[in-house]
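Trainee: I'll drop the sequence and a predicted model, then ask my questions.
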Amino acid sequence: MNTLIKPKKLQAGDTVATISLSWAGAGLFPERYEQGKKQIQEAFGLKVIEMPNSLRTDLYDNPQLRLDDLMNAFLNPEIKAIITNIGGSETIRLLLRMTEKHFQIIHDNPKIFIGMSDTTVNHFMCLKAGLSSFYGPSTLFGFAENGGMPELIKNSFKRTLFDNMPQQTLEEAKEFIIDKVRWDNNAIRERTKTDGWKYIQGTDKVQGRLLGGCVESLNMINGTCLWPSIDDWDNTILFLETSEDMLPPEVFGYFLRNLGAQGILNKVKGILFGRPGGTFKKEDSEKKEKWLAAYNDFDKYLLKVCKEYGREDMPIVTNMDFGHTVPQMLLPYGVLTEIDPVAHTVKFLESPTC
């Protein structure tokens, strides 16, 4: 992977813009949006503004307006960071409207860009433009959590985007949230104790540059102009996670075999896998238990497919705190990262910002 442009770090008082590039959740749940906005401002001392179409409810019919917001956010020098409101399944429709001019705008106006899930598509737009972006919480999912923003999110945001730390050992959550509460309900979601990150394979310390995203969204861009060349996967650490659609473990296995068939699994130095996505209403206890039991099946497919491609010694860490789980950390694309399977640590080896 070529070295990516690092955006400038944030400072208290900076202006950040919220943006809706896929689902219109911010417009459909305005109280949830306002809660997220308020908690971002209070936690980090930032000024939060909306892009012109961030709160529209008809975004499905207006992909061009979504793309316009993205370009205008990059072009506005007052905006120091862009935070996506939520993912969805619609971002891929922006790609047909993008030209080299759009990628050049991103390249020429580097700034912090944050999001997850379907926003994987936008991260790969930034990647194609040569900009390092940040896989992390969205306004509605993570920043707007009822009862206050989790401390792990605050810590990761500050260390990654404010502190300009030359090294950062990633923090593990002690508990996570899995039950589902409607966004027009102020109930505090149930916390479940975590078993911690699982170092399921590998004995040697490895280093590589972060590259990855949400499996379902990666499937959407596979084969498009956004998909990296085979050489771009050299010396990378692949991070993967799954959405709230509760991807069956065997389908995850199909995805891994595609990476193996492309030669990607033989290029990467290690794999980080986020806690599998899935949310449940409290009354769905049977469904919840079944899904929790399926966690190990994801690990089994990782081990099985890596063995098929001769990567039995490659370090793999699973059950991590990123993606469709709360709390979640920020992962910066292209930043040199180390996995130590013996010490049980994952750390950034350079500052994600400049």
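Mentor: Yes, it's here.
Trainee: The helix or strand where residue 158 lies: what's the following helix or strand?
Mentor: In the assignment (DSSP states H and E), residue 158 maps to helix 151-161. Downstream of helix 151-161, the first helix or strand assigned by DSSP H and E is strand 168-169.
Trainee: buried residues in whichever helix or strand comes after that following strand?
Mentor: Proceeding N to C from strand 168-169, the next assigned helix or strand is strand 175-177, under DSSP H and E. Neighbour-count burial for strand 175-177, with 16 or more other Cβ atoms under 10 Å as criterion, is recorded at 176-177. Placement of C-beta: from N, CA and C, glycine included.
Trainee: what's in contact with strand 175-177?
Mentor: Strand 175-177 is contacted from outside by 145, 189-194, 275, 321, 325-327, using Cβ atoms under 8 Å, 6 or more residues apart in numbering.
Trainee: Using the record's domain definitions, break this protein down for me.
Mentor: 15-161, 168-348 (automatic domain parsing).
Trainee: Can you measure across the first one, start residue to end residue?
Mentor: Using Cα to Cα, to the nearest Å, the gap from the first to the last residue of domain 15-161 comes to 14 Å.
Trainee: measure the spatially closest residue to residue 147 that is not a sequence neighbour to residue 25 for me?
Mentor: Spatially, and ignoring its direct neighbours in sequence, residue 147 is nearest to residue 188 (4.5 Å; Cβ to Cβ, 6 or more residues apart in numbering). Distance of residue 188 to residue 25, computed by Cβ to Cβ, to the nearest Å: 20 Å.
Trainee: repeat for residue 348
Mentor: From residue 348 over to residue 25 (counting by Cβ to Cβ), the distance is 30 Å.
Trainee: which intervals of this structure have sub-threshold pLDDT?
Mentor: Under the criterion pLDDT under 70, the flagged ranges of the chain are 178-179, 278-283.
Trainee: mind listing the helices for it?
Mentor: Using DSSP state H, the helices assigned to the chain run over residues 25-28, 30-44, 63-75, 100-108, 120-129, 151-161, 215-221, 249-262, 285-308.
Trainee: Looking at those, which one is packed in the most?
Mentor: Of the helices of the chain, the one with the most neighbours on average (mean count of other Cβ atoms under 10 Å) is helix 120-129, at a mean of 25.
Trainee: Okay, angle between that one and helix 63-75 too, please.
Mentor: 50 degrees (axes from the mean of the first three to the mean of the last three Cα atoms, to 10 degrees).
Trainee: ok now helix 120-129, how far from the chain's centre?
Mentor: Relative to its parent chain, helix 120-129 has a centroid offset of 12 Å by Cα atoms, centre = their mean, to the nearest Å.
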